[in-house]
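Asker: please work out how this folds:
(chains A and B)
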2 protein chains.
Amino acid sequence: MSDVHAARRERLRDRCAAAGTAAALVSHPANVRYLTGCAPSGAVLLVGPGEQDALVRPRPAAGDLDGGRPPEDVRTVVLPTSDGDPVVAAAGLVRDQRGGTLAVEEHHLTVARHRAIGSVAPGLVLSDLGGAVEQLRVVKDEQEIASLRIAAELADQALGELLESILVGRTERHLALELERRLVDHGAEGPAFPTCVGTGPHSGAARHAPTDRRVEEGDFLTVRLGACYRGYRCEVGRTFVVGASPADWQIELYELVFAAQRAGREALIPGVACRDVDHAARRVLAAAGYGEAVGEVTGHGVGLEIDEDPRLSPAAMGKLNACVPVTVEPGVHLPGRGGVRIDDTLVVRPPTDGGPELLTITTKELLAL
Amino acid sequence: MSDVHAARRERLRDRCAAAGTAAALVSHPANVRYLTGCAPSGAVLLVGPGEQDALVRPRPAAGDLDGGRPPEDVRTVVLPTSDGDPVVAAAGLVRDQRGGTLAVEEHHLTVARHRAIGSVAPGLVLSDLGGAVEQLRVVKDEQEIASLRIAAELADQALGELLESILVGRTERHLALELERRLVDHGAEGPAFPTCVGTGPHSGAARHAPTDRRVEEGDFLTVRLGACYRGYRCEVGRTFVVGASPADWQIELYELVFAAQRAGREALIPGVACRDVDHAARRVLAAAGYGEAVGEVTGHGVGLEIDEDPRLSPAAMGKLNACVPVTVEPGVHLPGRGGVRIDDTLVVRPPTDGGPELLTITTKELLAL
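Answerer: From the prediction side, this is the model:
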């Protein structure tokens, strides 16, 4: 694994060299983890210049067991106190080497910390690393995809077990907690994001914090959950009907969203424009008059963060490459009535490899529970 | 309630006026919530200049039900897309009013967002609001304390119920999840922070992510949890012995940490220096030779965040006023063996009101479970 991380840091070093910067200071925790395999609380990573990359971290609190060891080819610098700012200390290291230039993550670093670098190393020329590491993270290697695959399996298992239990009369909050407990039971590090359970008028919502509303006969029930496994996060979402048989409007709406989601999934071919995937799903819903109810995004990348590049939206730039995992999650929410949302995590694969790889395999038939 | 929030914003306006700034842009979510009673995802608050304060928020996603309504005397500005940055939009509002100066939260705002303000409103002079709102938040009103009291009650209940169940053989992870489920069962919005369960060698740690280690006979078991109620977060931590009877070293260590924690609690008198409260607890442990094992902080403020001003540490500046809720949580962790940590949330009260008010009332006797 250490070789993998060294190779990733090498790619970052190349980018810095191309941009004329001697060193990069990575502070966004998911980026630190990507480049070292660990992300101790508060740690930042200095890539280059010269000899060894350095992980700079605050002194852990007494008995602080939040671990994670960097690879052996990364030097660890532990600050003498837990108060010190590793960003400032890392800048000090560069200053001492008279490197002169340092690229920082301006989209993550606060103004106050940026200023603090300026005062400790006034001669240092700071530039913006931008989303360079995030860009490296977009295309996953097979080990990363293997972790996502397991995360998806765990989420499918938890969801499958819930469907076998009695749902009527239980609250959204309880169902969400039950799902999270099952995820951990099966070996997840935790939920990939706060589990979303919406019933009746809350169903189909893009984001919804579970409430004390109880599941009732005739409700649509939308469940969205994900597992975190080895740091990798996936997402699965399904909508069910509670009780004997769905109403006509429920069947119609479900079939429509299902068709939109399938269209999005089928568009996942290497080289496709992100906006075209979005359009494939969106146009199905728009044609049925739900254009306004769709929202701005119908999918997004997943990995060390649950919502990362690329975005699938009408304004998205760029194309999808092979080995990019994304969600496809169009939905319709009708205020006061509820709605349907269907959400899968897939990996873009060439047709010669069988096309998009579906990681979340829970059935998408309309189940009446 | 709306009056309360208006009065808080008025105090902030006074501070800005004193600092010569026309307007303040508050972006830290806990601060937005403190000043308006709500914190929709991504919303920022513009206080002054002129007429009405404004809450600027991105367009919610379709069916985004994460609610929260601002008070009626705060204008809501919803951005046309979910992509736009409310910070930039708010700066635009000030520019249009030719206010000239705007104080921003440099400890929260990223460099990239700060730069974006500069490009949309190049004439605007930006200054640093610093921790002005955090400072307003330190002393709580009785309504805030009432929320903390309920949060503490919920945490005590969840902990009490766990103690009645069988613990041997269960993993740290399961116990943590069980506690979080019980918190929510009793009416908490959720855990105040990730529940910490450490058994055997993990006991007594300041921070510890629950593992798959199972509780064994003879273990120390340290549990730290908190509830969130109406946004307010409390903390309670206890250490138990599992099995028939504690070993001598366990009893000794427990009594020592208990004495240290009591000394800290008894020091909570209005006007006391923060460092003196820390010292009161710390010296007990140092005198017994555990000075190095204590860590840098023995307590901290709680409120809308679980870890807020003030800090109780040797380097802390400032004094504690009445109506400031803090934790007192000294502990000793011996690598490889475990240890003891005892953690309460209390409110500083004058002796004439009966002295410090203990919110977390779970017994601190050494229980053998």
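
Asker: what about the strands in the stretch 51-200 of chain A?
Answerer: A:53-57, A:74-78, A:101-104, A:125-128, A:190-191, A:196-199 (DSSP state E, counting those that start in this stretch).

Asker: out of those, which is the most enclosed?
Answerer: strand A:196-199 (a mean of 28; mean count of other C-beta atoms under 10 Å in any protein chain shown). Yep, even glycine has a C-beta here, placed from its N, CA and C like the rest.

Asker: so in that sheet, which strands flank that one, and in what orientation?
Answerer: strand A:220-225 (antiparallel) (DSSP bridges).

Asker: chain center to the partner strand, what's the gap?
Answerer: Mean-position distance between strand A:220-225 and its chain equals 19 Å (C-alpha atoms, centre = their mean, to the nearest Å).

Asker: show residues contacting that strand.
Answerer: Contact partners of strand A:220-225, identified using C-beta atoms under 8 Å, 6 or more residues apart in numbering or on different chains, comprise A:155, A:158-159, A:162, A:167, A:175-176, A:179-180, A:183, A:191-192, A:195-200, A:202-205, A:208, A:215, A:235-242, A:250, A:331, A:338-341, A:343, A:369.

Asker: for ChimeraX, write the selection for the buried entries among those residues.
Answerer: Buried members of those, defined by 16 or more other C-beta atoms under 10 Å in any protein chain shown, are picked up in ChimeraX with:
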select /A:155,158,159,162,167,175,176,179,180,183,191,192,195,196,197,198,199,200,202,203,204,205,208,215,235,236,237,238,239,240,241,242,250,331,338,339,340,341,343,369
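
Asker: now do the buried residues in the host helix or strand of A:Leu45.
Answerer: Per DSSP states H and E, A:Leu45 falls inside strand A:44-47. Buried residues in strand A:44-47, counting neighbours by 16+ other C-beta under 10 Å, are found at A:Val44, A:Leu45, A:Leu46, A:Val47.

Asker: okay, and the helix or strand of chain A with the least pLDDT?
Answerer: Lowest mean confidence among the helices and strands of chain A (mean pLDDT, DSSP states H and E): helix A:86-96, at a mean of 85.

Asker: which strands and helices sit next to that one?
Answerer: If you count contacts as 3 or more C-beta pairs under 8 Å, 6 or more residues apart in numbering or on different chains; DSSP states H and E, helix A:86-96 packs onto strand A:23-26, strand A:44-47, strand A:53-57, strand A:74-78, strand A:101-104, helix A:111-120.

Asker: is the third one in proximity to chain B?
Answerer: By that I understand strand A:53-57. No. Applying C-beta under 8 Å from any C-beta of the partner chain, one finds strand A:53-57 out of contact with chain B, separated by at least 13.6 Å.

Asker: how about A:Tyr290: what's its closest non-neighbour residue?
Answerer: Of all residues not flanking A:Tyr290 in the chain, A:Val332 sits nearest, at 4.8 Å (C-beta to C-beta, 6 or more residues apart in numbering or on different chains).

Asker: quick check: can you name the pairing partners of the helix or strand harbouring the one you found and their directions?
Answerer: Under the criterion of DSSP H and E, A:Val332 resides in strand A:331-334. Sheet pairing of strand A:331-334 (DSSP bridges) gives strand A:338-341 (antiparallel).

Asker: list the contacts of the partner strand.
Answerer: A:198-206, A:219-220, A:222, A:224, A:237, A:239, A:253-254, A:256-258, A:293, A:329-333, B:63.

Asker: go through the helices and strands packed on helix A:86-96 and find the least confident stretch.
Answerer: In terms of average pLDDT, strand A:74-78 trails the rest of these, at a mean of 89.

Asker: name the helices or strands packed onto that one?
Answerer: strand A:53-57, helix A:86-96.

Asker: got a pLDDT number for the residue nearest the centre of chain A?
Answerer: What sits nearest the mean C-alpha location of chain A, by C-alpha atoms, centre = their mean, is A:Ile306, with 1.6 Å. With respect to pLDDT, A:Ile306 scores 96.

Asker: measure it to B:Gly190 for me?
Answerer: 18 Å (C-beta to C-beta, to the nearest Å).

Asker: returning to what we had before: turn the strands of the stretch 51-200 of chain A into a markdown table, including distance to B:Gly301.
Answerer: A markdown table is the format used below for the strands of the stretch 51-200 of chain A (distance: least, C-beta to C-beta, whole Å):
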| stretch | distance to B:Gly301 |
| --- | --- |
| strand A:53-57 | 25 |
| strand A:74-78 | 27 |
| strand A:101-104 | 30 |
| strand A:125-128 | 33 |
| strand A:190-191 | 27 |
| strand A:196-199 | 32 |
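
Asker: B:Thr363 is nearest to which of these?
Answerer: strand A:190-191 (30.5 Å; C-beta to C-beta).

Asker: what lines up beside that closest one in the sheet?
Answerer: Per DSSP bridges, strand A:190-191 is paired in its sheet with strand A:227-229 (antiparallel).

Asker: so which residues make contact with the partner strand?
Answerer: With C-beta under 8 Å, 6+ apart, strand A:227-229 has contacts from A:147-148, A:150-152, A:154-155, A:158, A:183, A:186-192, A:233-234.

Asker: hmm, try it at 10 Å
Answerer: A:146-158, A:179-180, A:182-184, A:186-193, A:233-236, A:304, A:306 (C-beta atoms under 10 Å, 6 or more residues apart in numbering or on different chains).

Asker: shouldn't A:Ala91 be in contact with A:Val125?
Answerer: No. Taking contacts as C-beta atoms under 10 Å, A:Ala91 lies outside contact range of A:Val125: 11.4 Å.

Asker: adding distance to B:Pro314, write the buried residues of strand A:44-47 out as JSON lines.
Answerer: Shown next, in JSON lines, are the buried residues of strand A:44-47 (distance: C-beta to C-beta, whole Å):
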{"residue": "A:Val44", "distance to B:Pro314": "26"}
{"residue": "A:Leu45", "distance to B:Pro314": "30"}
{"residue": "A:Leu46", "distance to B:Pro314": "30"}
{"residue": "A:Val47", "distance to B:Pro314": "35"}
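
Asker: tell me the two of the residues you listed that are most distant?
Answerer: Comparing the members of those, the greatest separation, given C-beta to C-beta, is between A:Val44 and A:Val47, at 10.4 Å.

Asker: residues in contact with the residue nearest to A:Ala152 when sequence neighbours are not counted?
Answerer: In this structure, A:Ala152 finds its nearest non-sequential neighbour in A:Leu359, 3.7 Å apart by C-beta to C-beta, 6+ apart. A:Leu359 makes contact with A:145, A:148-153, A:155-156, A:234-236, A:302, A:325, A:327, A:344-347, according to C-beta under 10 Å, 6+ apart.

Asker: quote the end-to-end distance of stretch A:293-303.
Answerer: Using C-alpha to C-alpha, to the nearest Å, the end-to-end distance of stretch A:293-303 comes out at 27 Å.

Asker: please tell me how far A:Pro86 sits from chain B.
Answerer: 15 Å (C-beta to the nearest C-beta, to the nearest Å).

Asker: of the strands of the stretch 51-200 of chain A, which is nearest A:Ala315?
Answerer: strand A:125-128 (22.4 Å).
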